[in-house]
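In: just coords:
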């Protein structure tokens with residue numbers, strides 16, 4: 001087997017979830033990879049960019065409870081997806097609050 005590509009590294013971070021190739025390519029581009037680097041060799045110093053791409057993909061899955069494509073289907077646990085995003089952030093010194101919607105409590109006393 002040859003060198004691991006950036007797309008394969010992203011796929012590894014996303015396991016056990018599977019997404020389309022265009023979704024992975026867009027996430028890599030959005031995370032700062034060039035078009036040429038999407039299928040380029042993975043470099044450990046770009047681990048953080050791969051993690052950011054994975055977070056972009058996992059955030060999309062949070063809004064789904066399940067997904068099916070042809071004969072294949074998969075279910076999603078929002079809590080587990082959020083835990084995975086927090087784990088990726090922690091491993092890469094990223095602020096999870098930047099990637100997850102954190103609920104805020106507001107004073108509702110004016111409503112009654």
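Out: Here it is on my side, so go on. Worth saying up front: this structure is predicted, and the values here are computed from it rather than measured. Numbers count the residues shown, from 1 in each chain.
In: make it CA atoms for all contacts and neighbour counts henceforth
Out: Will do.
In: you'd agree residue 24 is up against residue 12?
Out: No - between residue 24 and residue 12 there is no contact under CA atoms under 8 Å: 11.4 Å.
In: now residue 61: how far from residue 79?
Out: The gap separating residue 61 from residue 79 is 11 Å, by CA to CA, to the nearest Å.
In: between these two, who's got more neighbours?
Out: Between residue 61 and residue 79, counting by other CA atoms under 10 Å, residue 61 is the more crowded of the two (20 against 10).
In: roughly how far apart are residue 24 and residue 17?
Out: For residue 24, the distance to residue 17 (CA to CA) stands at 12 Å.
In: low-confidence regions, this protein specifically.
Out: 1-2, 64-76, 102-112 (pLDDT under 70).
In: now do the helices in it.
Out: Using DSSP state H, the helices assigned to the chain run over residues 6-14, 21-30, 47-62, 78-91.
In: show me what the third one is packed up against.
Out: Read that as helix 47-62. On a contact count with 3 or more CA pairs under 8 Å, 6 or more residues apart in numbering; DSSP states H and E, helix 47-62 meets helix 6-14, helix 21-30, helix 78-91.
In: out of these, which is closest to residue 54?
Out: Residue 54 lies closest to helix 6-14 among the helices and strands packed on helix 47-62, at 6.2 Å (CA to CA).
In: would you mind listing the buried residues in that closest one?
Out: Applying a neighbour-count criterion of 16 or more other CA atoms under 10 Å, one finds 6, 7, 8, 9, 10, 11, 13, 14 buried in helix 6-14.
In: tabulate the helices and strands packed on helix 47-62 (a markdown table), appending distance to residue 42.
Out: Below are the helices and strands packed on helix 47-62 laid out as a markdown table (distance: least, CA to CA, whole Å):
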| stretch | distance to residue 42 |
| --- | --- |
| helix 6-14 | 5 |
| helix 21-30 | 12 |
| helix 78-91 | 17 |
